[in-house]
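K.L.:
need a structure here:
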Amino acid sequence: MKKKGRKTSRPVHRVVVVKAPQVKQAETLAKTRIKVLGIGGGGGNIVSEIAKLLKKADFIAANTDTQALKQVSRNIKKFPFGQELTKGLGCGMDAKLGQLAAEQEKERIREMLKGYDLCVLIATLGGGTGSGSLPVFAEACNAEKMLTIGILTMPFSFEGEKRKQLAEEALAKVQPLLNSYVLLQNDSIFRIVGKDTPLKFAFGSMNKKLAEVLGGLLETLFFPGLINTDFADIKTMLQGKGRLSFLSSASATGEERAKAALGEALQNSLYQYGSKGAERILFNIAGSKDLKMQEVATISTAMFQENPRAKIIFGITSHPRFRNKLRVTLFAIGCEQAKPSKVVAPKISQKPKQKSKARPLRKKPTKAKQKKIPFPPQDTQNPLTEKPRRNALEVKEAVDKEIQELQEEEKKWDTPAFLRFRRT
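P.N.:
Take a look at the predicted model:
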């Protein structure tokens, strides 16, 4: 008989499955690094306002004026340049000085831009720093192989022809260096605010609208969506150079929110042109869980009808922060440049000019109709015979003869002497 031995325990090999760390989609998308760079005094002010509302990009204000940089928000990085040339002052309206100040520090500019994928350049054209140095910053972005979007503003009409000319020259230089650019007229501010709005609040309203527009594009890139749009789509959109673009974003609530948001996005009061004629369009619809299929269909159909020949990329984002709200973000590239319509600024109230009394127009003297004086009928039977012409001697003799005859007549009428000397 076999003895029952102890059971030998076999070694158990445990397989430990190591799970790969799950990388959230939002973290992957966050690798796309975007820099928003405000150049000059006006660009720095705009960036300062935008940075208060957005947190998905790095914000930098670049200027030669150190005093102006001190007034920029604390959450914005400062980049002073051209200090040796300008001694810490601005460039006034000298665009050549602004260009030279930036060219002297090209290496610093490139070092500041390294590691970024997209740079949004913001400048108000017409000044010295913004107009002169903007092309140098755009060249540095191209050297670092970054995609570029320009948000550029033109001067007010009341700032004069010289500033307008300076802005147009700067635009012509920087246009071929940018992948796309948005062109805004400062006069459009009168469409946003009333004539009694304080100056600081008026500029704040315009900057707030720009923040909403740019924020819509950035959130489209960073928020995961049901139909996702990412940086690869932006690369496709930004192929080529010097394309005029239309960037707009609008939100609405209520039953007709889809039509309202789309209408406001297409007719943005900041622009004097629209998305008509665009070659490529990216639009995104953002909402919460209550986003309806019919709303998506309404917006998409309208967009395709607006530009039937355009290459269109669209996405749908769902996020709790859009509860009961729908937002449409539109980015169209290759738009048609419309002739700028004159936005009339409110005139300064003046005393009414006194109407000068109109002088009565002097009528040109008209030739009065001369009355024909009736002449007696000429006697044709006894026409007057013309006297023969006499010479000077004959005339003298005739005169002497007449004088002699008069003297003889007077002698007949002489008074007698007895009458002249008669005593009384």
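
K.L.:
where does this protein dip in pLDDT?
P.N.:
Applying pLDDT under 70 to the chain picks out residues 1-30, 338-393, 395-396, 406, 408-424.

K.L.:
what bridges to the spatially most central residue of it?
P.N.:
Residue closest to the average C-alpha location in the chain (Cα atoms, centre = their mean): residue 185, at 2.0 Å. Here residue 185 shows beta-bridge partners residue 154, assigned using DSSP bridges.

K.L.:
Show me which helix runs longest in the chain.
P.N.:
helix 199-222 (DSSP state H).

K.L.:
Name the residues of that helix that come out as buried.
P.N.:
202-203, 206-207, 209-222 (16 or more other Cβ atoms under 10 Å). Placement of C-beta: from N, CA and C, glycine included.

K.L.:
The stretch 101-250 of the chain: helices as residue ranges?
P.N.:
106-113, 128-143, 161-174, 189-192, 199-222, 231-237 (DSSP state H, counting those that start in this stretch).

K.L.:
closest one to residue 75 among the ones you listed?
P.N.:
Residue 75 lies closest, by Cβ to Cβ, to one member of the helices of the stretch 101-250 of the chain: helix 199-222, at 13.7 Å.

K.L.:
can I have the closest one written out in CSV, keeping just the CAs?
P.N.:
Extracted in CSV, the C-alpha atoms of helix 199-222 (Å, rounded to 0.1, in the frame of the first residue of the first chain):
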residue,chain,number,x,y,z
LEU,A,199,-13.8,106.6,-22.5
LYS,A,200,-12.3,103.9,-20.2
PHE,A,201,-15.5,101.8,-20.2
ALA,A,202,-15.8,102.1,-24.0
PHE,A,203,-12.3,100.6,-24.6
GLY,A,204,-13.0,98.0,-21.9
SER,A,205,-16.2,96.9,-23.8
MET,A,206,-14.2,96.5,-27.0
ASN,A,207,-11.5,94.5,-25.3
LYS,A,208,-14.1,92.3,-23.6
LYS,A,209,-15.6,91.4,-27.0
LEU,A,210,-12.2,90.6,-28.3
ALA,A,211,-11.6,88.4,-25.2
GLU,A,212,-14.9,86.5,-25.9
VAL,A,213,-13.9,86.0,-29.5
LEU,A,214,-10.4,84.7,-28.8
GLY,A,215,-11.7,82.7,-25.8
GLY,A,216,-14.1,80.9,-28.0
LEU,A,217,-11.3,79.7,-30.3
LEU,A,218,-9.0,78.6,-27.4
GLU,A,219,-11.7,76.7,-25.6
THR,A,220,-12.5,75.0,-28.9
LEU,A,221,-9.0,73.7,-28.9
PHE,A,222,-8.7,72.7,-25.2
